[in-house]
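Participant: Take this sequence and fold it.
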Amino acid sequence: MKPFELIPFQVEEVYERSNEIPPGVRMIDSERMWNEGYKGNDIVIAVIDTGCDKNHRDLQNRIVDGRNFTGGNPTDFHDENGHGTHVAGTIAASFNQQGVAGVAPSSKLLILKAFDSKGHSSYQQIIKAVKYATKWRGPRGEKVRILSMSFGGSEDYAMLHRSIKNAVNQNILVVCAAGNEGDANTRTTERLYPGYYKEVVQVGAVDFNGSLAPFSNSNDEIDLVAPGVNILSTYKNGQYATLSGTSMATPHVAGAAALLLEENEKAFERTLTEPELYGLIIKHTKSLGHSKREEGNGLITFTSDEVDSFEAFFEDLENQ
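Facilitator: Numbers count the residues shown, from 1 in each chain. As a prediction, this is how the structure comes out:
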């Protein structure tokens, strides 16, 4: 089997301090949901990545548990790379009037370290992490509801696919990066796994002007796009950084899913299914005018005034 690596990403700049709501979080209008009282309260999101800086001031209260699959101490999920901490911050950095805030700043993170300091992993490690997320239970019986995976490989492995289908069958929404091998000139089909699997939510990247990022993969399984260029978030060693890649777009969607889950489970007083949550995400997209192979259903956003009645939406699902 070929070794598995993080999707290449670009570190734009590293900062010692920050004090703002990141532009990507603002772009999808997360604040609208916050103002309505939805911040992803206690929704558990598993992040399979390079680990996390669990002592970062913006993340230390968001981590509910963690596991290391790269060898050594299984309880040591410290991030020596920075990628995982950046992803975690975009999802759930605390709204604490300092540093940065994530899309779902009251959600909980299950940190699953499957990549080493150089961003290397294997399909076996990733499969173990997916299975762990599927079976994990928290101290109060909590379950993982969303799984964020900002990585990809060129090979389609049946065991990985099975583990992901099992997670989806267990009511976990799986959100994956599309990949950074896009060709801005030809826009030929670019496929990475697990993003290309039909069962997952595949996320491409746009810049703050809504233009498709030149690196963002295009294919017939793209579901939607999110901010992925010059994304500010938490970073290793208590720092902050701006990074670019579909890896950075993916956690915006994972965080948005947590907000929608909290809002609608409260409204309907029941547990939503994975297809229902997927449907809600697609309802909260807006076309940016790119092709379907580039943007899927469009940009994840909470600003749309065209969202249909959710009562009718759920009725349509039940009749399918």
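Participant: contacting residues around the helix or strand where I111 lies?
Facilitator: Assessed by DSSP states H and E, I111 sits inside strand 108-113. Applying Cβ atoms under 8 Å, 6 or more residues apart in numbering, the contact partners of strand 108-113 are 42-52, 54, 59, 62-70, 77-79, 84, 88, 91-92, 129, 132-133, 136, 138, 142, 144. All C-beta spots, glycine's among them, are computed from the backbone N, C-alpha and C.
Participant: now swap in stretch 291-298 and tell me
Facilitator: Residues from elsewhere that reach stretch 291-298 (Cβ under 8 Å, 6+ apart): 187, 189, 202, 204, 206, 212, 216, 218-220, 222-225, 282, 285-288.
Participant: if we can go back for a sec, point out the ones among the contacts of strand 108-113 that are inside helices.
Facilitator: Secondary structure from DSSP state H places 84, 88, 91-92, 129, 132-133 of the contacts of strand 108-113 in helices.
Participant: quick revisit: next secondary structure element downstream of the strand holding I111?
Facilitator: Next along the chain after strand 108-113, taking DSSP H and E as the criterion, comes strand 120-121.
Participant: on contacts alone, who are the packing partners of that next one?
Facilitator: In terms of contacts (3 or more Cβ pairs under 8 Å, 6 or more residues apart in numbering; DSSP states H and E), strand 120-121 is packed against strand 4-5.
Participant: ok now the strand it packs on, how far from the chain's centre?
Facilitator: 18 Å (Cα atoms, centre = their mean, to the nearest Å).
Participant: quick one: strands adjacent to the helix or strand just after that strand?
Facilitator: Next along the chain after strand 4-5, taking DSSP H and E as the criterion, comes strand 10-15. According to DSSP bridges, strand 10-15 forms sheet pairs with strand 240-244 (antiparallel).
Participant: Quick one: mean pLDDT for the partner strand?
Facilitator: Averaged across strand 240-244, the pLDDT comes to 96.
Participant: And for it, what's in contact with it?
Facilitator: 9-18, 82-83, 86, 99-100, 205, 213, 215, 228-235.
Participant: Derive a PyMOL selection command for the buried subset of those.
Facilitator: Those of the contacts of strand 240-244 that count as buried under 16 or more other Cβ atoms under 10 Å are selected in PyMOL with:
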select buried, resi 9+18+82+83+86+99+100+205+213+215+228+229+230+231+232+233+234+235
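Participant: ok, W136 to N41 distance?
Facilitator: Going from W136 to N41 by Cβ to Cβ, to the nearest Å gives 19 Å.
Participant: Filter the contacts of strand 108-113 down to the buried ones, PyMOL style.
Facilitator: PyMOL command restricting these to the buried ones, with burial defined by 16+ other Cβ under 10 Å:
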select buried, resi 43+44+45+46+47+48+49+50+51+52+54+59+62+63+64+65+66+67+68+69+70+77+78+79+84+88+91+92+129+132+133+136+142+144
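Participant: Just give me the residue closest to the centre of the protein.
Facilitator: P251 (2.8 Å; Cα atoms, centre = their mean).
Participant: Can you list the low-confidence ranges for this protein?
Facilitator: The chain contains residues with pLDDT under 70 at 1-3, 8, 184-189, 304-320.
Participant: distance between the lengthiest helix in it and the chain's centre?
Facilitator: Using DSSP H to define each element, the chain has its longest helix at helix 246-268. How far helix 246-268 lies from its chain's middle: 9 Å, per Cα atoms, centre = their mean.
Participant: Now the following helix or strand past that helix: buried residues?
Facilitator: Going down the chain from helix 246-268, the next helix or strand is helix 274-283, by DSSP H and E. Judged by neighbour count (16+ other Cβ under 10 Å), helix 274-283 contains these buried residues: 274, 276-281.
Participant: Tabulate the residues you listed (JSON lines), appending distance to K165.
Facilitator: Listed next are those as JSON lines, based on distance: Cβ to Cβ, whole Å:
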{"residue": "E274", "distance to K165": "11"}
{"residue": "E276", "distance to K165": "18"}
{"residue": "L277", "distance to K165": "16"}
{"residue": "Y278", "distance to K165": "14"}
{"residue": "G279", "distance to K165": "19"}
{"residue": "L280", "distance to K165": "21"}
{"residue": "I281", "distance to K165": "19"}
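Participant: can you tell me how far E31 sits from S121?
Facilitator: Going from E31 to S121 by Cβ to Cβ gives 35 Å.
Participant: can you check I48 too?
Facilitator: According to Cβ to Cβ, I48 stands 9 Å off from S121.
Participant: Likewise for G51?
Facilitator: On the measure of Cβ to Cβ, G51 and S121 end up 11 Å apart.
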